[in-house]
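**Q** With the sequence up front, the predicted model follows.
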Amino acid sequence: MILVFGGTTEGRKAAEVLEEAGSPFFYSTKTGEQELSLHNGERIDGAMDAEAMKAFIDKHCIRLIVDAAHPFASQLHHTIAVVASDRHIPVIRYERIYPPRDPDITWIDDYVQVPTDIHSLLATTGVQSISKLKWLEALGIKVFYRILNRESSLLLAYEQGVTDDQLCYFEDSNDIEVDADAILLKESGLSGGFCEKVAAARAKGMRIIALKRPELIQGDSINGPYGLRRAVEKLLPEFYPLHSGLTTGTCATAAAIAATIRLIKGEMPKEVPVMLPDGETIMVAVDYGEDYAYCTKEAGDDPDVTNGIEVRAKVIASDNHGLTRTDPICAEKEVRNSPQKSVAIYGGEGVGRFTLPGFDYPPGEAAINKAPREMIRHNLQTILSPLTSHLLPLKVTISVPDGEEIARRTFNPRLGVEGGISIIGMSGIVKPFSEEAFIDSIRKCMEVAKASGSERVVINSGGKSERFVKALYPDLPKQAFVEYGNYIGETMKIAHELNIPKVTLGVMLGKAVKLAAGHLDTHSRKTTMDLGFIQQMLQESGITIDISDITLARELWKRIPTGQLQIFAQTVTRHCAEHCLPLLPNGELTILLIDDNGKIYEI
């Protein structure tokens with residue numbers, strides 16, 4: 001069982017990640033005022049001291065703690081650390097993402113360090129900090145306190161001697177209505193609106209003073225949902241029925257980071273930090289060859305033919321532009337402002353080439369999509385500095401041994417990627433049997449189909465139905481045939497969004513009877529065959545047969561008299577059209593019902 005200490009944005013995100021497992025957990029807040037919807041989690045409210053926490057852990061067999069409490073809840077962090085150590089329980093600290101500390105901000109470690117060369121101060125550090133700032137008032141400095149507009153906060157403020165003219169309130173925006181010389185902020189990170197508050201204060205011409213966040217006490221630190229899931233999978237493997245994996249883009253980035261560290265520092269770490277597109281950072285295992293670094297692709301429990309492959313990166317220094325970089329300031333600007341010049345990315349052995357339009361890059365380019373390229377560049381720029389400017393631009397070559405052979409078992413040939421696999425991944429992480437990942441692949445196939453110039457796209461559930469339907473459209477390019485798996489509704493929506501004028505839906509009877517009943521996702525996890533509705537369609541077709549003992553829809557092809565198959569097929573496809581046509585309001589839809597022998601019934 002897992003115990004989460006939340007009450008924050010990070011706490012809410014932690015709950016969402018744990019809900020994906022379908023396993024029970026506990027979610028604890030101090031006040032109970034956070035709005036949160038839980039299905040598998042059980043909410044508990046009220047502060048816990050060390051003894052109460054120990055008793056709860058013992059009673060409920062807690063085996064893992066997720067500390068997602070506010071970064072300034074120092075006492076709670078300390079209690080968690082002490083109790084976890086006493087009970088030998090691992091702790092995952094869900095930390096916030098923090099921007100680099102701006103040197104133009106006055107940074108302090110404690111309230112007693114607030115500068116006194118000001119006349120007035122707006123303190124946004126919370127109602128609990130009022131008593132810690134009273135010494136400023138004693139020096140004649142006017143202090144305004146921005147607090148939450150709720151009864152408990154007001155009562156606590158008045159108890160500390162605050163007057164109404166000193167109070168202002170946190171609303172939905174970060175607008176500053178108080179005129180003060182300076183503002184005092186907590187280093188609350190991106191989710192705490194720190195950057196927005198700084199920007200608002202600068203717009204008012206205020207001096208900015210920031211209280212540094214407390215240092216992490218103990219535990220593994222993560223700063224995003226993917227990192228949390230992977231940490232839980234490692235520490236409590238049974239919590240998630242299926243485990244996540246890494247995209248080829250993340251593997252390529254990790255390998256490039258490792259190779260760059262080796263080039264610059266001569267070090268070969270076994271793990272490297274990889275910043276994902278959403279801004280969070282995860283640790284990824286790497287290893288090294290003679291002149292390259294590599295990351296072994298892990299697919300988790302997602303069925304993926306690329307599982308276990310090596311994604312390699314070779315990084316060399318070059319100076320193709322013939323520039324001299326003796327000025328550190330100019331060099332730093334180049335690293336930050338000219339990513340294309342500072343890091344050049346190439347595809348090597350086993351990485352395919354785009355041969356058709358419709359991708360992020362034109363035909364002939366290495367099949368490394370935009371998101372992985374940006375990941376590689378962004379991560380390497382965090383390593384580079386003016387001291388390494390003489391190495392620029394870096395040449396990064398990504399390669400995959402046996403990639404050409406592996407690619408034959410992927411969608412790549414259909415998409416127009418030849419000669420190897422593609423380096424892809426929008427999020428950086430692969431969730432097992434992820435609907436999002438599958439739908440993303442459908443979208444890419446549909447985009448390529450449109451880019452092929454074909455005005456008709458033929459969508460099918462799989463290779464078998466596609467083989468039968470291709471005979472009807474011998475002149476269409478292979479890219480015009482797209483597999484939807486079970487996601488008929490999502491595929492139709494994509495067709496509409498892409499303004500594809502003509503769509504042919506090829507469907508076999510097992511999925512057709514589900515679609516006819518209104519199920520746009522036909523996966524067996526979501527829906528089963530409805531015998532009652534099938535009986536209704538038989539009656540509409542004027543067919544009287546006993547189907548009470550059938551277990552598979554395809555048995556109907558043998559049960560229904562041959563002379564009545566056409567009318568039944570028309571009834572099924574008519575019902576299918578009722579649910580599909582609204583999703584394609586501006587397009588022409590053709591529905592083909594296919595039997596096991598390849599005979600096609602068209603509405």
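**A** Here it is on my side, so go on.

**Q** Pull the number of nearby residues for the nearest residue to D291 once chain neighbours are set aside.
**A** Distance criterion C-beta to C-beta, 6 or more residues apart in numbering; nearest residue to D291, sequence neighbours excluded, is K314 at 6.1 Å. C-beta here means a position set from N, CA and C on the backbone, and glycine is covered the same way. Residues lying near K314 (other C-beta atoms under 10 Å) number 21.

**Q** doesn't K314 fall inside a helix?
**A** No. Going by DSSP: H, G, I helix; E, B strand; the rest coil, the assignment for K314 is strand, not a helix.

**Q** how near is it to A157?
**A** Going from K314 to A157 by C-beta to C-beta, to the nearest Å gives 61 Å.

**Q** In terms of secondary structure, what does the host helix or strand of E436 contact?
**A** Element membership of E436, judged by DSSP states H and E, is helix 435-451. In terms of contacts (3 or more C-beta pairs under 8 Å, 6 or more residues apart in numbering; DSSP states H and E), helix 435-451 is packed against helix 412-415, strand 456-460, strand 481-483, helix 488-497.

**Q** In JSON lines: those, plus mean pLDDT, distance to E238 and mean neighbour count.
**A** Below are these laid out as JSON lines (pLDDT from 0 to 100; distance: least, C-beta to C-beta, whole Å; neighbours: other C-beta atoms under 10 Å):
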{"stretch": "helix 412-415", "mean pLDDT": "70", "distance to E238": "35", "mean neighbour count": "19"}
{"stretch": "strand 456-460", "mean pLDDT": "91", "distance to E238": "38", "mean neighbour count": "24"}
{"stretch": "strand 481-483", "mean pLDDT": "88", "distance to E238": "33", "mean neighbour count": "24"}
{"stretch": "helix 488-497", "mean pLDDT": "91", "distance to E238": "31", "mean neighbour count": "21"}
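
**Q** Among these, which comes closest to S385?
**A** Between S385 and these, the tightest spacing by C-beta to C-beta is seen for helix 412-415, at 37.7 Å.

**Q** ok so, going back, pLDDT averaged over the helix holding E436 - what is it?
**A** The average of the pLDDT scores along helix 435-451 is 80.

**Q** next one: stretch 241-252
**A** Here the average pLDDT along stretch 241-252 is 87.

**Q** Now do the buried residues in it.
**A** H243, S244, G245, L246, T247, T248, G249, T250, C251, A252 (16 or more other C-beta atoms under 10 Å).

**Q** how far does that stretch sit from the chain's center?
**A** 11 Å (C-alpha atoms, centre = their mean, to the nearest Å).

**Q** Same check on stretch 371-381?
**A** 16 Å.

**Q** same deal with stretch 143-162?
**A** 38 Å.

**Q** Go ahead and name everything in contact with it.
**A** Applying C-beta atoms under 8 Å, 6 or more residues apart in numbering, the contact partners of stretch 143-162 are 31, 33, 120-124, 126-128, 130-131, 133-134, 136-137, 166-171, 178, 180.

**Q** could you give the angle of the helix holding E436 to strand 456-460?
**A** 150 degrees (axes from the mean of the first three to the mean of the last three C-alpha atoms, to 10 degrees).

**Q** So for helix 435-451, what gets flagged as buried?
**A** Buried, per 16+ other C-beta under 10 Å, within helix 435-451: 437-439, 441-450.

**Q** quick revisit: switch the helices and strands packed on helix 435-451 over to JSON lines; also include distance to L538.
**A** Shown next, in JSON lines, are the helices and strands packed on helix 435-451 (distance: least, C-beta to C-beta, whole Å):
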{"stretch": "helix 412-415", "distance to L538": "37"}
{"stretch": "strand 456-460", "distance to L538": "26"}
{"stretch": "strand 481-483", "distance to L538": "30"}
{"stretch": "helix 488-497", "distance to L538": "23"}
